[in-house]
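Q: generate coordinates for the sequence data below:
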Amino acid sequence: MLRFLLPALLLLVATPAVAQRLAPTPDLATDPREIATYQDCLTEAERDPPQGFEDAMQWRDTTGSNAARHCVATALFYLGQPAAAAERLEELGIGMKAAPTLVRARIFDQAGTAWLAA
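A: Predicted coordinates:
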């Protein structure tokens, strides 16, 4: 049994950053229009990271929302800059003091994923 488990675990550890994903954090966007913008931003960040990053930065500069900041970090991750994404995710999690613990935990979990990919 161990001889089958060990290779499977090694494959998980060796998974490249490109194969990893950062999941949406639904509670970051609250109003219906922001939710739609957030979903569109995350989709663009994964599909076309350079354009997704530009769009996310513009949205962040316009609103400063946590959802926009999360999208910027997500775009950085898909641009192949997981360390920069991890730093931004940590900053986001630290700055969200009033957010529910579960939401902050999701952000820190994603920061950990990004650090592992760095």
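Q: how much space between the residue positioned nearest the centre of the chain and Leu28?
A: Nearest residue to the geometric centre of the chain (C-alpha atoms, centre = their mean): Thr74, 3.8 Å. Using C-beta to C-beta, to the nearest Å, Thr74 is found at 11 Å from Leu28. Backbone N, C-alpha and C define where each C-beta goes, glycine included.
Q: now do Ser65
A: 8 Å.
Q: show me which of these two is the more surrounded one.
A: Leu28 (22 against 18; other C-beta atoms under 10 Å).
Q: rewinding a little: for the residue nearest to the centre of the chain, give me its contacts.
A: Neighbouring residues of Thr74 by C-beta atoms under 8 Å, 6 or more residues apart in numbering: Leu22, Cys41, Leu42, Ala45, Glu46, Gly52, Ala56, Ala85.
Q: return the helix or strand in the chain with minimum mean pLDDT.
A: Counting by mean pLDDT, DSSP states H and E, the chain has its least confident helix or strand at helix 2-13, which shows a mean of 42.
Q: next SSE downstream of that helix?
A: Sequence-wise, the next helix or strand downstream of helix 2-13 (DSSP states H and E) is helix 32-47.
Q: tell me the helix or strand right after that following helix.
A: helix 49-63.
Q: in that following helix, what's buried?
A: Across helix 49-63, burial judged by 16 or more other C-beta atoms under 10 Å covers Pro49, Gly52, Phe53, Asp55, Ala56, Trp59, Arg60.
Q: just put those residues in CSV and tack on pLDDT and distance to Ala98.
A: Below are the buried residues of helix 49-63 laid out as CSV (pLDDT from 0 to 100; distance: C-beta to C-beta, whole Å):
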residue, pLDDT, distance to Ala98
Pro49, 97, 30
Gly52, 97, 28
Phe53, 98, 27
Asp55, 97, 27
Ala56, 97, 23
Trp59, 97, 21
Arg60, 97, 19
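Q: and Ala68, what helix or strand is that in?
A: Assigned by DSSP H and E, Ala68 falls in helix 66-78.
Q: what's the angle between that helix and helix 49-63?
A: Using axes from the mean of the first three to the mean of the last three C-alpha atoms, to 10 degrees, the direction of helix 66-78 lies 160 degrees away from that of helix 49-63.
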